[in-house]
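Here is my input, please return the structure:
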Amino acid sequence: MTRREVTIRTADHGPVTVVCPPWCQGHEGQDDEFRADIGHEGPEHTMTLPTSRGPATVLTAGLEQRPYTEYAPGRAVFVNVEIGADWYPADADGLEAMATALTDHAATLRSLAAQLRGVSGATP
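Below is the predicted model:
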C-alpha cells in the first residue's frame, strides 16, 4: 500500500508534512492556517428524511482526525456528527448511543403512524 503524504503551509510552523490515512479526502483550503487546525476528513454520510415539503437533512457524519490539536476530542480518529448546524465529536461508544437513540425514535414514529391510522378522519 502506498503511503500518502501531503505538505501543508501553516501560519505558525511553516511547512508541515502529514501522513494521510486511507480515508482522508485531501487538504484543500488548509494552507496558511495554524498547525493545530490541520485535520483529516473522510467522506460525509448524510441522513435525509422524506417530508411533506421534500427531503430534509437530519444529520451528517464522517471520520476525522486532528493530529496536532490540543483540544477535545484529542488526536485520535473520531466521527464528527452534525445535528442542527452544530458538530458533535463522538467515539465508538458515543456513536452506538446515537444509533440506539435513533432506533428507539424510529419505533416511536412507527407507533405514532399506527395511532394516526386509527384516528377517524385521518387520510390513509
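
mind listing the strands in the protein by residue range?
4-10, 14-20, 40-41, 45-49, 56-65, 78-83, 86-90 (DSSP state E).

Need the residues that contact the second one.
Contacts made with strand 14-20 from outside it, assessed by C-beta atoms under 8 Å, 6 or more residues apart in numbering, are listed as 3-10, 26-27, 35, 38, 40, 67-68. Glycine gets a C-beta too; all of them are placed from N, C-alpha and C.

Then the longest one?
Applying C-beta under 8 Å, 6+ apart, the contact partners of strand 56-65 are 21, 23, 39-49, 75-83, 89, 95.

Tell me the buried residues within these.
39-42, 77-82 (16 or more other C-beta atoms under 10 Å).

For those residues, could you give me JSON lines that also reports distance to L112 and pLDDT?
Listed next are the buried ones among the contacts of strand 56-65 as JSON lines, based on distance: C-beta to C-beta, whole Å; pLDDT from 0 to 100:
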{"residue": "G39", "distance to L112": "39", "pLDDT": "96"}
{"residue": "H40", "distance to L112": "40", "pLDDT": "97"}
{"residue": "E41", "distance to L112": "36", "pLDDT": "97"}
{"residue": "G42", "distance to L112": "34", "pLDDT": "98"}
{"residue": "V77", "distance to L112": "37", "pLDDT": "98"}
{"residue": "F78", "distance to L112": "33", "pLDDT": "98"}
{"residue": "V79", "distance to L112": "29", "pLDDT": "98"}
{"residue": "N80", "distance to L112": "30", "pLDDT": "97"}
{"residue": "V81", "distance to L112": "25", "pLDDT": "98"}
{"residue": "E82", "distance to L112": "26", "pLDDT": "98"}
